[in-house]
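Peer 1: Following is a predicted model, sequence given first.
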Amino acid sequence: MTPNPRRPALSAWCLPALLACLPLAASAQNADWTLVHAGRLLDRPGQAPRGASTLLLRAGRVEAVRDGYQDAAAFAGVPADATVLDLRDRYVLPGLIDCHVHLVSDKAGVEGQLDSVSGSVADHAFEAAVNARKTLHAGFTTVRNLGDSDGVTLALRDAVAAGKLPGPRILDAGSAISTTAGHMDPTLGFREDLHAALDVHGNTCDGADDCRRAVRRQIARGVDVIKIATTGGVNSRIGAGLGQQMFDDEARAIVETAHLYRKKVAVHAHGADGIAVALRAGADSIEHGTLLDREDIALFRKTGAYYVPTLSTVNGYKERLARNPQAYTGEVRAKIEWRIGITGKALEVAVPAGVKIAFGTDAGVSLHGRNADEFELMVAHGMSAPQAIQAATVNAADLLGLSDQVGSLEPGKRADLIAVSGDPLQDVTVLKRVEWVMKDGRVEKDARAR
């Protein structure tokens, strides 16, 4: 092939670009040290906060936490030119964790039903990437995504972990499992001749053996957690109510199979009977739990399962109805009116009973990037601000099996930090205005006034 005289030789053309990349690669390999000076620091939620503090970070992890503003010379082996990040006028705490999101979309009701069959997988992938960035910028550095049929968030999880896209650390459930005509049945609300085209993900099951198969199908896709529904759902387009929709042997088969593969099980459940079925089977968390009763409370305490209230759903319902009174129709609209009126009552019972609470919003039903609205609702329904923050850090990390990685700022853990103006232990609503976000030692957002 004759060289093009107008184009430099390949080596000459590429070499400047390659050389430009070398300092970045070397920097990553050298894992430069960073000092963060925090005006106040809640390094271990549930314990007393610190005053002026210094965090030493390296290679995306916390190396040390010291009182006062320390310079590099205070730490053995730290170079004098270590980066210093000045947050002395801010309150610093660990990156927040949302245990219940749906990143693919925040469309719902009639709009969501149409989008589920008109939007392409590519459309949903781009939307999920945008929602992931919104979530990260809201201060949530880790999320558990509980339901996505097409594998979009499984791929997004891997892309974020590889550093290809900005977003929170994602634990993903793949397709949520339910019985035929249960809350996660993808055919609900569509005419019968379309069912074969819609029911292609193998996530519905009937009978214990079939439910074991459904779990193994999700395991084969590489999921981090199994999501199931033991009761009806508010958004289900079927007038079957919110009570139990899965038999004990089916729930037990699912939980036993998931635990065999060392995967935790998150359970969508509203009715008290369906909550009890899940807890007796050994579920790790109950999502929503709207009608929990005394038996459920006793089972929570006996099993040590977490309750994830997802109070923010009511914000999504109210906002959509305000924009469009016909956003929800028929039996769904009736269930939404009921949910708006009863939301928070179960949390008011669970907190004084000593049930373990983990933070989750159901973002997707509510709007992405507004995750911190949940804090205000949790406090309004019986939790103190410190308890709510602990639910979104230490407790959430425990539920997700990530206590050795996130949830607090201790040596060896990931350098996930956020900063706010004001004291969130006194006014939890300051967490709605996160100004600075770091994930794995990298600053992802800095919106402080200059």
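Peer 2: Now that the structure is in, tell me what you want to look at.

Peer 1: Neighbours of residue 340, how many?
Peer 2: Counted by other Cβ atoms under 10 Å, the residues lying close to residue 340 total 15. No exception for glycine: its C-beta is placed from N, CA and C like everyone else's.

Peer 1: Tell me the pLDDT of it.
Peer 2: We have a pLDDT of 92 for residue 340.

Peer 1: try residue 320
Peer 2: pLDDT, residue 320: 89.

Peer 1: Please name the residues that touch residue 209.
Peer 2: residue 253 (Cβ atoms under 8 Å, 6 or more residues apart in numbering).

Peer 1: in the one helix or strand it maps to, what's buried?
Peer 2: Using DSSP states H and E, residue 209 sits within helix 208-221. If you call a residue buried by 16 or more other Cβ atoms under 10 Å, then helix 208-221 has these buried ones: 208, 211, 212, 214, 215, 217, 218, 219.

Peer 1: thinking residue 35 is in contact with residue 84, fair?
Peer 2: Yes. Residue 35 is in contact with residue 84 according to Cβ atoms under 8 Å; the separation is 4.8 Å.

Peer 1: thinking again about what came up before, just the buried residues of helix 208-221 now: which is nearest residue 246?
Peer 2: Using Cβ to Cβ, residue 211 comes nearest to residue 246 of the buried residues of helix 208-221, at 8.2 Å.

Peer 1: any common contacting residues for residue 35 and residue 84?
Peer 2: Residues touching both residue 35 and residue 84 (Cβ under 8 Å, 6+ apart) are residue 71.

Peer 1: between those two, who's got more neighbours?
Peer 2: A count of neighbours by other Cβ under 10 Å puts residue 35 above the other of residue 35 and residue 84, at 23 against 14.

Peer 1: Tell me how far that one lies from residue 261.
Peer 2: 42 Å (Cβ to Cβ, to the nearest Å).

Peer 1: cool, and residue 407?
Peer 2: 24 Å.

Peer 1: again with residue 346
Peer 2: Residue 346 is 30 Å from residue 261, by Cβ to Cβ.

Peer 1: more neighbours, the two?
Peer 2: residue 346 (27 against 13).

Peer 1: doesn't residue 291 make contact with that one?
Peer 2: Yes. Counting by Cβ under 8 Å, residue 346 touches residue 291, with 6.9 Å between them.

Peer 1: okay, the buried residues of helix 208-221 in TSV with pLDDT and distance to residue 360 next?
Peer 2: Formatted as TSV, those follow (pLDDT from 0 to 100; distance: Cβ to Cβ, whole Å):
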residue	pLDDT	distance to residue 360
208	97	28
211	96	24
212	97	27
214	95	23
215	97	21
217	95	25
218	95	20
219	96	23
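
Peer 1: possible to save those residues as CSV with distance to residue 172?
Peer 2: Listed next are the buried residues of helix 208-221 as CSV, based on distance: Cβ to Cβ, whole Å:
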residue, distance to residue 172
208, 25
211, 20
212, 21
214, 16
215, 15
217, 14
218, 10
219, 12
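
Peer 1: Between those residues, which sits nearest residue 122?
Peer 2: residue 218 (22.6 Å).

Peer 1: quick one, what contacts the residue nearest to the closest one when sequence neighbours are not counted?
Peer 2: Leaving aside its chain neighbours, residue 218 sits nearest to residue 174 (4.5 Å; criterion: Cβ to Cβ, 6 or more residues apart in numbering). Applying Cβ under 8 Å, 6+ apart to residue 174 gives the contacts 148, 151, 154, 218, 221, 222, 223, 227.

Peer 1: Can you give me the distance of the fourth one to residue 224?
Peer 2: As defined by Cβ to Cβ, residue 218 lies at a distance of 10 Å from residue 224.

Peer 1: which residues of the stretch 51-200 of the chain fall in strands?
Peer 2: With strands called from DSSP state E, counting those that start in this stretch, the stretch 51-200 of the chain shows them at 53-58, 61-67, 83-94, 96-101, 140-145, 169-172, 178-179.
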